[in-house]
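# Need a 3D model of the following:
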Amino acid sequence: MQDLTGNKPPIFSGWAMDAYPEMDRDEIARHVDRQISLGANFVWMGHNNPGECDASKIEPGFSYAVWEALIDPHDPRHNDALEIVDAQKRLLDHCLSRNIPVVLPIGYQIQMGSRWNEVHSQSLRRHLDGKVIDWGGISACFYSPEYREDIRRFYCWINDEIISAYRPVILLVNLADEPFGGDYSHYAEMAFRQSTGLGFEEALSGSPEKQALVGRFQSEYIVNYAAWSADTWHSICPGIPSTMSLCGHHGREENIMPSVSGVFRNTPSHFHPTFDVYPRDGDQATPPTDNDVRMLSLFLRQLAWLSAANGKPYWLWTTGNSWGLGQASNDPADILDAVINQVMAVASACDSGANLRGLAVWNYNVKYQGLYNDTITPVYDIEEMFSKLTRVIAHLRSFPGAVTPRTPRLAIITDPDYAHRHIAQSHATTWVRPFPLDRIAVAARAAGNILMDDSLASVVQSAATLGFALPEIIIYLSDGLTPLAEGERRALEETLLNARAALLPRSVFQNLDLKQQNPKTLLFYDGLPKDLKVGIIQDFLAAAGLSDDRLFHIMLGPLEFLYNLSGGPVALGSSVPPGAIHLNRSAKTQPSLPSILPPHESVIRGSDAAVQSFCARFQ
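This is a model prediction of the structure:
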């Protein structure tokens, strides 16, 4: 869908929703219409997880295996394919009849289904020891010519049979959900050899520079998969952009497989990244913690910065069900926590001037965890959660573009050369953590607006383009074993001359040429970034004048949210003005302000009109 008026493209907010074979047209219409009636303006359709053809599965949708069974009437899965496809068409039919925009998912990871895997065993992703990778299903190597030929045929069918029928309402095609990790398969090695002249074993047993080549290949494996897939889709259907809904759990925990900066920097303009950004991306038995949300805050600000710096549109999945809110845990989150999740997502985009295109709340009705169809009884009222979240995300659409961006106060730079050597030396295909993001996250609540990037030279250039001053506080994460590239060295020298505080490797600092006074506060570390202790980071933040008062302070235009997630009640003191409003766990306004704010509650302060307008969504 294109905006033909020349105005800024609209921002979208709504729910991710599954179309099940047992849902008839009337039921689908009822569920979609009630979302739209409360302010949603699009639907994100459910994906096919895992990528097999089974009509009774938890998450059915379009995928290669479904199409493979659909076009072969002799395939024992043929009837399942018909049921799955017909259900998706019933949802699309209703959206088309009401002109409701849709995001269309057509794949899961790089999974082609068990039948394809048996025929093309040489085309499967593998660990270094040759074992087939199985992360909730077996994936293909996207460098395989068999994969590329077959997926192109599938994309052509999607374009000819689905896009052609529903083009007026298709916003975006989601080519894959949750692809992550690396690959040491035969075809992957062929691609690596073509670009470097080396095989995997030769490079891994060679110099640190050769090892780094392997690490870079693995770090950028999914980035290159996204780029190739987006270009292939674009060659077939140039009018509709594509995305991949990438795993925010991997993003905030390891950040490097795939390279989050690479997803924004090294994919084509017609690819719009999507990440899930729940308070906690994990099972319902574990509660979201204070550090989970600090890591999320850091991750959200990284995504927003990379969007702004690279001019890249992006989408976010926020929480609205038990998966992100720990409903089977001993400290379940509530409606207010879900509301704050939406606010944090939009506030981070506003701060950086990012091109946030939409929010999709996960998930309306997915079996076993959705807002509806859950097997766990939540602490919140389901209808209250649905109505309040739908109304608040509609309200939040007005903020991006209307709020003045703020210069990032703190820059966290993650040296890719060090990360690539670390990946290679681990021989791992996922869960490599070269950077202590769980410890660095202590800065997220204290520092306010933060950026994270893997190149300070890019930060300096982007800051100038965006009209930002350079950050006044720097954390540079590197092992300092190889000299910085000339552009990176000059950028670090320029930034340090104007910085108020910096934490960096001693060996890096010793190779700089600083002709003026150093930053007021300089702290050095030796060894690897992954070994940095939280105490060192806390000492640096304190020396830089950043203090953490246990409350999240979230700025959104004329509004400020003081939010207490966990860890016990927090005294508010005299910092809250009379015009502020107190929201309890279920996002209900309270008659008076507390002196002590309990967990899972918030105080909103700001202009009276803005506060009242926001809180009206909870009545």
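# can we go C-alpha only for contacts and neighbour counts from here?
OK.
# what sits against Thr407?
351-352, 449, 468-471 (Cα atoms under 8 Å, 6 or more residues apart in numbering).
# Kindly recompute the last result at 6 Å.
Taking Cα atoms under 6 Å, 6 or more residues apart in numbering, we find Thr407 in contact with Phe468.
# please renumber so the chain begins at 140
In the new numbering, first residue 140, that becomes Thr546.
# where does it fall, helix, sheet strand or coil?
coil (DSSP: H, G, I helix; E, B strand; the rest coil).
# so how far is Asp316 from it?
In this view, Thr546 and Asp316 are 33 Å apart by Cα to Cα, to the nearest Å.
# and Asp592, what are its phi and psi?
When read as degrees, to the nearest 10, the backbone of Asp592 gives phi -150, psi 170.
# and it, how many neighbours does it have?
22 (other Cα atoms under 10 Å).
# What's the separation between the closest residue to it other than its chain neighbours and Arg164?
Spatial nearest neighbour of Asp592, excluding adjacent residues (Cα to Cα, 6 or more residues apart in numbering): Ile552 at 5.3 Å. Counting by Cα to Cα, the separation of Ile552 from Arg164 is 51 Å.
# can you check Asn657 too?
From Asn657 to Arg164 the distance is 68 Å (Cα to Cα).
# What residues are bridge-paired with the residue nearest to the spatial centre of the chain?
Nearest to the geometric centre of the chain sits Phe414, at 2.3 Å (Cα atoms, centre = their mean). Taking DSSP bridges as the rule, Phe414 bridges to Leu385, Leu455.
# Quick check: it touching His389?
No - Phe414 is beyond contact range of His389, at 10.0 Å (criterion: Cα atoms under 6 Å).
# between Ile552 and Arg164, which one's more packed in?
Ile552 (19 against 14).
# Hmm, the more buried one is touching Ser597, no?
No - here Ile552 lies out of contact with Ser597, judged by Cα under 6 Å, at a distance of 10.4 Å.
# which non-adjacent residue is nearest Lys527?
Phe757 is the one closest to Lys527 (Cα to Cα, 6+ apart), at 5.5 Å.
# and the one you found, how many neighbours?
Phe757: 20 neighbours (other Cα under 10 Å).
# How much space separates it from Gly509?
From Phe757 to Gly509 the distance is 21 Å (Cα to Cα).
# Now do the helix or strand bottoming out on mean pLDDT in the chain: distance to the chain's middle.
Taking mean pLDDT, DSSP states H and E as the measure, the chain has helix 581-586 as its least confident helix or strand, at a mean of 84. Distance of helix 581-586 from its chain centroid, counting by Cα atoms, centre = their mean, to the nearest Å, is 19 Å.
# Can you list the buried residues in it?
Judged by neighbour count using 16 or more other Cα atoms under 10 Å, the buried positions of helix 581-586 are 581-586.
# Kindly report the same for stretch 213-230.
Under 16+ other Cα under 10 Å, the buried positions of stretch 213-230 are 216-230.
# next one: stretch 300-312
For stretch 300-312, a neighbour-count test (16+ other Cα under 10 Å) marks 301-302, 305-312 as buried.
# sorry, back to before: include distance to Ser617 when you put the buried residues of helix 581-586 into JSON lines, please.
Listed next are these as JSON lines, based on distance: Cα to Cα, whole Å:
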{"residue": "Val581", "distance to Ser617": "19"}
{"residue": "Ala582", "distance to Ser617": "18"}
{"residue": "Ala583", "distance to Ser617": "20"}
{"residue": "Arg584", "distance to Ser617": "23"}
{"residue": "Ala585", "distance to Ser617": "23"}
{"residue": "Ala586", "distance to Ser617": "21"}
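# nearest to Ser368, of the residues you listed?
Ala583 (34.0 Å; Cα to Cα).
# if we can go back for a sec, and which of the buried residues of stretch 300-312 is nearest to Leu653?
Nearest member of these to Leu653, counting by Cα to Cα, is Leu311, at 48.4 Å.
# part of a helix, is Ala550?
No - applying three-state DSSP, one finds Ala550 to be strand, outside a helix.
# number of nearby residues for it?
23.
# got any ranges where the stretch 590-739 of the chain has weak pLDDT?
The model of the stretch 590-739 of the chain has pLDDT under 70 over residues 654-656, 714.
# Now with 90, please.
621, 636-637, 649-660, 673, 684-689, 705-706, 711-718, 730-731 (pLDDT under 90).
# quick one: which of the buried residues of stretch 300-312 is nearest Ile532?
Within the buried residues of stretch 300-312, proximity to Ile532 (Cα to Cα) peaks at Leu310, which comes in at 18.3 Å.
# What strand or helix carries the closest one?
strand 309-316 (DSSP states H and E).
# what do you get for Thr514?
Going by DSSP H and E, Thr514 is not in any helix or strand.
# Give the helix, strand or coil label for the nearest residue to it once chain neighbours are set aside.
In this structure, Thr514 finds its nearest non-sequential neighbour in Tyr507, 5.1 Å apart by Cα to Cα, 6+ apart. Classification of Tyr507 using three-state DSSP returns coil.
# Look at Lys727 and say how many residues are nearby.
Lys727: 18 neighbours (other Cα under 10 Å).
# Next, it: phi, psi?
phi -110, psi 140.
# mind saving the C-alpha coords of stretch 265-285 as PDB?
Output in PDB follows, covering the C-alpha atoms of stretch 265-285 (Å, rounded to 0.1, in the frame of the first residue of the first chain):
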ATOM      1  CA  ARG A 265      25.000 -27.700  10.000                       C
ATOM      2  CA  HIS A 266      27.200 -27.100  13.100                       C
ATOM      3  CA  LEU A 267      31.000 -27.300  12.600                       C
ATOM      4  CA  ASP A 268      31.000 -31.000  13.600                       C
ATOM      5  CA  GLY A 269      28.600 -31.700  10.700                       C
ATOM      6  CA  LYS A 270      25.500 -32.300  12.700                       C
ATOM      7  CA  VAL A 271      22.300 -30.900  11.300                       C
ATOM      8  CA  ILE A 272      21.100 -27.800  13.100                       C
ATOM      9  CA  ASP A 273      17.600 -28.200  14.600                       C
ATOM     10  CA  TRP A 274      16.300 -25.200  16.500                       C
ATOM     11  CA  GLY A 275      12.500 -25.900  16.700                       C
ATOM     12  CA  GLY A 276      12.800 -27.500  13.200                       C
ATOM     13  CA  ILE A 277      15.500 -28.100  10.600                       C
ATOM     14  CA  SER A 278      16.600 -25.200   8.400                       C
ATOM     15  CA  ALA A 279      17.900 -25.100   4.900                       C
ATOM     16  CA  CYS A 280      21.200 -23.400   3.900                       C
ATOM     17  CA  PHE A 281      20.000 -20.300   1.900                       C
ATOM     18  CA  TYR A 282      23.200 -20.500  -0.200                       C
ATOM     19  CA  SER A 283      22.100 -23.900  -1.600                       C
ATOM     20  CA  PRO A 284      21.000 -23.600  -5.300                       C
ATOM     21  CA  GLU A 285      18.200 -26.100  -4.600                       C
END
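# measure stretch 311-322 end to end?
Termini of stretch 311-322 sit 28 Å apart (Cα to Cα).
# Need the contact partners of that stretch.
Contacts of stretch 311-322 (Cα under 6 Å, 6+ apart): 242-248, 264-265, 357, 360, 379-386, 396-397, 568-569.
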